[in-house]
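Visitor: got a predicted structure here, sequence first:
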Amino acid sequence: QVQLVESGGGLAQTGGSLTLSCVASGDTFNNYHMAWFRQAPGKEREFVAHISWTGGITYYADDVKGRFTIARDNAKNTGYLQMSRLEPQDTGVYYCAAQNRGMSVGSMVEKYPYWGQGTQVTVSL
């Protein structure tokens, strides 16, 4: 099964940008759909963006549309989340998640059996 490791989190100012990476190992990356979720302190984990195993289908949570871009490079076994025009409400731990490409996916946490350990993103005023 696949193992996922996120990186790229850190501190950004409002209006700034960060790019998160998710490196997959243990299995062929293009066997999996991929998604990003985030969790703010005291809140439930929420969906951010999804990308199909080919990269041909993407969708986003409404509050990040136009600001975040999900991408993947299957040759590098890496997924990305490019975040721009960051806002304080984007603060949280960001998680990479994966689901086998033959399975249905969506915006629910339960749809993804494989998770990374998370990377902290903090956006200051």
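Guide: Cool, got the structure.
Visitor: check the gap between Pro124 and Glu44 for me.
Guide: Careful, residue 124 is Ser and not Pro. 23 Å (Cβ to Cβ, to the nearest Å). (Glycine included, C-beta is placed from N, CA and C.)
Visitor: who's more crowded, those two?
Guide: Ser124 (11 against 8; other Cβ atoms under 10 Å).
Visitor: the closest residue to that one other than its chain neighbours and Gly79, how far apart?
Guide: Excluding the flanking residues, the one nearest Ser124 by Cβ to Cβ, 6 or more residues apart in numbering is Gln13, at 5.6 Å. According to Cβ to Cβ, Gln13 and Gly79 sit 25 Å apart.
Visitor: of the two, who's got more company?
Guide: Gly79 (29 against 11).
Visitor: surely the more buried one meets Thr19?
Guide: No - counting by Cβ atoms under 8 Å, Gly79 does not reach Thr19; the two are 11.0 Å apart.
Visitor: quick one, strands of this protein?
Guide: Here the chain has its strands, by DSSP state E, at 3-7, 10-13, 18-25, 32-39, 46-51, 58-60, 68-73, 78-83, 92-100, 114-115, 119-124.
Visitor: now do the phi/psi pair for Lys43.
Guide: phi -120, psi 160 (degrees, to the nearest 10).
Visitor: list the residues that contact the one residue sitting closest to the centre of the chain.
Guide: Geometric centre of the chain, nearest residue: Trp36, 2.2 Å, by Cα atoms, centre = their mean. By Cβ atoms under 8 Å, 6 or more residues apart in numbering, the contact set of Trp36 is 20, 22, 48-50, 70, 79, 81, 94-97.
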